[in-house]
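>>> here you go, sequence then predicted model.
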Amino acid sequence: MRPAHENTREDSNMKVVVIGGTGLIGSKVVSKLNDHGHEAVAASPNTGVNTLTGEGLAEVLQGAQVVVDVSNSPSWEDEAVMNFFRTCTGNLLKANAEAGVTHHVALSIVGTDRLPDNGYFRAKLAQEELIKASGMPYSIVHATQFFEFANGIADAGTEGDTVRIPPVKFQPIYSDDVATAVARTAAGTPLNGVVEIAGPDMFRFDELIRDVLTAQNDPRKVVADPHARYYGSELQDGSLVPGPGAQLGATRFADWFAQQQR
């Protein structure tokens, strides 16, 4: 990814609490921050910190300068996911203020404001609005879909032996590049705005999923269907891709996929 020169900070050895710090992205963020001399602490229900109930928040945030929220709802049902992000974010922002945290970083999704039919996107948008209205210095990182979820997307679009995928632009990113961008943002000065990140290559959604399944000798047939829904939403051509100026990851999908196949 290209460096965000405008987002640099001289502080060293900051304490950074990573909410969701034991998950796919969070564990990588913790490692990257620790490798750069910061004190990164993984916070999740596994470590005794529960943002939904508030348990353990005050203790883990003691002495923290930065909080990074990469947590995820255990349920994607519309009401449950909305309750998760609203409640957790409210609890976290309150605890941040009480602890004297000076930078709140949240990982969100490219296109949160473009897919109102998607309950998960609506919940992430509500999370972002709470952060922006809190008065706390913040940075929001909008990422495109992760490489790792290509098969899950195919499964979600499967009816019998057919996979229906909309023929729209798709620019996925490697989870490790997401973690790099989030860690860099956490170590920088607050943006009080949004930065978009994406992979280096643009694809047509149905073609990429077809190539993935073919390479895995998966017999399912991928059909380009403009009305196929992506987790509940009908997509426009630009729904899932970033605007101009997005930071691009270093890892190409073809290289990552070849490594996974080996």
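Noted; the coordinates are in hand.
>>> what segments of the stretch 51-200 of the chain are helices?
Listed in chain order, the helices of the stretch 51-200 of the chain (DSSP state H, counting those that start in this stretch) span residues 57-60, 78-99, 119-133, 150-156, 175-187.
>>> the closest residue to residue 93 other than its chain neighbours: neighbour count?
For residue 93, ignoring the flanking residues on the chain, the nearest one in space by C-beta to C-beta, 6 or more residues apart in numbering is residue 134 at 4.7 Å. Using the backbone N, CA and C atoms, a C-beta is placed for each residue, glycine as well. Around residue 134 there are 17 other residues, counting by other C-beta atoms under 10 Å.
>>> looks like residue 134 contacts residue 90 (just checking).
No: Residue 134 is beyond contact range of residue 90, at 9.1 Å (criterion: C-beta atoms under 8 Å).
>>> re earlier: want to throw the helices of the stretch 51-200 of the chain into JSON lines with mean pLDDT?
Shown next, in JSON lines, are the helices of the stretch 51-200 of the chain (pLDDT from 0 to 100):
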{"stretch": "helix 57-60", "mean pLDDT": "97"}
{"stretch": "helix 78-99", "mean pLDDT": "97"}
{"stretch": "helix 119-133", "mean pLDDT": "96"}
{"stretch": "helix 150-156", "mean pLDDT": "96"}
{"stretch": "helix 175-187", "mean pLDDT": "98"}
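>>> of all these, which one is nearest residue 213?
Closest to residue 213 of the helices of the stretch 51-200 of the chain is helix 150-156 (C-beta to C-beta; 6.1 Å).
>>> show me which residues of that closest one are buried.
For helix 150-156, burial by neighbour count (16 or more other C-beta atoms under 10 Å) applies to 150, 153-154, 156.
>>> closest to residue 34 among those?
Minimum distance to residue 34 across those is 29.6 Å, recorded for residue 150 (C-beta to C-beta).
>>> list the contacts of that closest one.
Shown in contact with residue 150 (C-beta atoms under 8 Å, 6 or more residues apart in numbering): 172, 208-209, 212.
>>> the same query, at a cut-off of 6 Å, please.
residue 212 (C-beta atoms under 6 Å, 6 or more residues apart in numbering).
>>> that concludes my questions; thank you for your assistance.
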